[in-house]
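Student: Just a sequence and a predicted model for now, questions to come.
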Amino acid sequence: MNFNPFKYFLIIVMCFCLSACGSGLSAGLEAYQSPDGRYGFFYPTGWTRIKVDGGPEIIYHDIINSNETLSLVVSDIDKDVQLEQLGSPSEVGQTLIDKVIAPEGSGRSVKLINANKRELSNHVFYDLEYELILNNQDRHELATVVVDRGSIYTFAVGTNQERWNKVEKMFANVVESFNFLI
């Protein structure tokens, strides 16, 4: 195993941020780091990880409010493609609606409310906000989409519309916490 000082520096910085930000970003949140150390994010304290065969790479949900969920879907993409080549934030958000969230015949109704671009750690992220009607249940979701090393990552967190005002800020912190560590 090779010693990589940069990797250890990032881990130390992340640990420092976790302990130093008690009333900030990480209040009520726990850290997750991928087994290969490639990416990390925060998720709400008390949520539990579940596995779904053939589903997203990562799923967490609240034990009490089981309709509050976090997911990470990782898909292969051409190594030369950058996120901005796939379209604007609004265009990528609409593509997700049309092909993944509410494809024709799904019976789902989805409205893209907000779509923004942000840059962090030499990556472009598209932050998206949706209102969904799934099986007669109104939901609200936030997502971020980013491309890295031949993969496209879609990281999302959502809840029912009734709980949205209570968790909106925390969920925004969760989505914005997704980042690459190496």
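Tutor: Structure's in. What do you need? Numbers count the residues shown, from 1 in each chain.
Student: now the spatially most central residue of the chain, which residues is it bridged with?
Tutor: Centroid-nearest residue in the chain, with Cα atoms, centre = their mean: residue 155, separated by 2.2 Å. Beta-bridge pairing for residue 155 (DSSP bridges): residue 72, residue 144.
Student: Tell me who's in contact with it.
Tutor: Applying Cβ atoms under 8 Å, 6 or more residues apart in numbering, we find residue 155 in contact with 41, 70, 71, 72, 143, 144, 145, 146, 175, 178. Where you see a C-beta, it was placed from the backbone N, CA and C, and this is true even at glycine.
Student: can we see that at 6 Å?
Tutor: Counting by Cβ atoms under 6 Å, 6 or more residues apart in numbering, residue 155 touches 72, 144, 178.
Student: can you pick the most crowded of these?
Tutor: For the contacts of residue 155, the largest number of neighbours (other Cβ atoms under 10 Å) sits with residue 178, at 25 neighbours.
Student: That residue contacts residue 42, doesn't it?
Tutor: No: Residue 178 is not in contact with residue 42 according to Cβ atoms under 6 Å; the separation is 8.6 Å.
Student: Do a quick rundown of the strands in the protein.
Tutor: Secondary structure of the chain by DSSP state E: the strands cover 29-33, 39-44, 47-50, 58-62, 69-76, 109-120, 123-134, 137-148, 151-160, 179-180.
Student: Quick check: pLDDT value at the residue nearest to the centre of the chain.
Tutor: We have a pLDDT of 98 for residue 155.
Student: for residue 15, same thing?
Tutor: For residue 15, the predicted pLDDT is 38.
Student: Just give the nearest non-adjacent residue to residue 168, would you?
Tutor: Leaving aside its chain neighbours, residue 168 sits nearest to residue 140 (7.8 Å; criterion: Cβ to Cβ, 6 or more residues apart in numbering).
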